[in-house]
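> how would this look folded up:
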Amino acid sequence: MSIFKKYFTKDKKEDLDKGLEKTKKSIFGKIANAVAGKSKVDESFLDELEGILISSDVGLDTTVKIIERLEAKVAEVKYLNTSELNSILKRVIVDILAENNTEDLEDFVYPDYHRPYVLLVVGVNGVGKTTTIGKLAYQYKKRGKKVVLGAADTFRAAAVDQLKIWADRNEVQFFSKGMNTDPAAVAYEAVQYAMNEDAHICIIDTAGRLHTKKHLMDELTKIKNSINKKLPGAPHEVMLVLDATTGQNAVEQATKFTEATDVTSLAMTKLDGSAKGGVVLSISDQFKIPIKYIGVGEGIEQLQIFNKASFVDSLFDG
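Next up is the predicted model:
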């Protein structure tokens, strides 16, 4: 049985289709209009396609890569009809997504040879970072894992309170030292707490402020070093959360965070509220960091595992 059939039940596939509806209309609706009435894919169409992709936040470099690969195929076969174009375009996009080492996970899993598995979550305020942590905690708790949430965003009372609400809602354990405490010390003690409790996973929230790259780098480095001091080899994963509705601004955020710390995975939120889902392709291609999760709705079940083929299928469906 394929991964798609294992994980993407009818409900999940419907959520994904609905979540990508705005992006599909924005990008592929325009492509359908551009190709309508054409008997072949020619230079004129490729020029129009380039403009569509750039205006849909796919990004210049990624757009050029897509166009070049399509041009190579057109030169090879000399003639492409609309159906063939869709098939080739899907394959090109899936290949680009695969080039960032994104693994098609079967479920909400992590390497179980680490206990606790320490996941450090970073991202600016407002991208859905704490909500993503809460939804992840729900998925792991549902799968019988013992979860600890660590509140290392100590600059905003709302951040600590929001994480506590998610911990209570999911009936998972919560560690905090309150407001205006040293984030690195909180992270250190959260890992210690998770070890004492024999937790499977410790998910640590961090502040989302972006004053300067140096400030960000210093703070995240201090947090990482503190965690590693308590548990050598940790954090085992650093996940950057990005808001798809911000389009190319998400690319800028990814640039700053990847310069500040060793980001190892991505979560893209709010795809359902955006026609800018093309930024997923841009970020995937530019940073070569695996995309693990996408948010396709506000519901607690609507944080989904990112699957390359299902994502592209939903974009082209219909």
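
> need the per-residue pLDDT for the spatially most central residue of the chain.
Taking Cα atoms, centre = their mean, the centroid of the chain lies closest to residue 267, which sits 2.1 Å from it. The model reports residue 267 with a pLDDT of 95.

> summarise which helices and strands the strand or helix carrying it is packed against.
For residue 267, the element it lies in under DSSP states H and E is strand 265-269. Here strand 265-269 touches helix 129-142, strand 237-243, helix 279-287, strand 291-295, going by 3 or more Cβ pairs under 8 Å, 6 or more residues apart in numbering; DSSP states H and E. To be clear about C-beta, it is placed using only N, CA and C from the backbone, and glycine gets the same treatment.

> switch to 10 Å and redo it
In terms of contacts (3 or more Cβ pairs under 10 Å, 6 or more residues apart in numbering; DSSP states H and E), strand 265-269 is packed against strand 117-122, helix 129-142, strand 237-243, helix 248-260, helix 279-287, strand 291-295.

> now do the third one against strand 265-269: the angle between them, please.
To tie it back to what came earlier, the one meant is strand 237-243. 20 degrees (axes from the mean of the first three to the mean of the last three Cα atoms, to 10 degrees).

> before we move on, what about the shortest one?
Following the same axes, to 10 degrees, one obtains 10 degrees for the angle between strand 291-295 and strand 265-269.

> give the next helix or strand downstream of strand 291-295.
By DSSP H and E, the next helix or strand past strand 291-295 is strand 303-305.

> now do the buried residues in that next one.
Neighbour counts over strand 303-305 (16 or more other Cβ atoms under 10 Å) mark 303, 304, 305 as buried.

> quick one: that strand to chain centroid distance?
Strand 303-305 sits 9 Å away from the centroid of its parent chain (Cα atoms, centre = their mean, to the nearest Å).

> which neighbouring elements make contact with that strand?
Using 3+ Cβ pairs under 10 Å, 6+ apart: strand 303-305 touches helix 3-7, helix 10-19, helix 129-142, strand 291-295.

> distance to residue 152 added to those, as TSV?
Formatted as TSV, these follow (distance: least, Cβ to Cβ, whole Å):
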stretch	distance to residue 152
helix 3-7	31
helix 10-19	30
helix 129-142	11
strand 291-295	20
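
> kindly reformat the ones you listed as TSV containing distance to residue 244 and mean pLDDT.
As requested, the helices and strands packed on strand 303-305 are exported to TSV (distance: least, Cβ to Cβ, whole Å; pLDDT from 0 to 100):
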stretch	distance to residue 244	mean pLDDT
helix 3-7	21	49
helix 10-19	10	82
helix 129-142	12	96
strand 291-295	8	93
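
> need the contact list for residue 302.
Residue 302 sits next to 11, 12, 15, 16, 18, 19, 135, 271, 272, 294, 295, 296 when contact means Cβ atoms under 10 Å, 6 or more residues apart in numbering.
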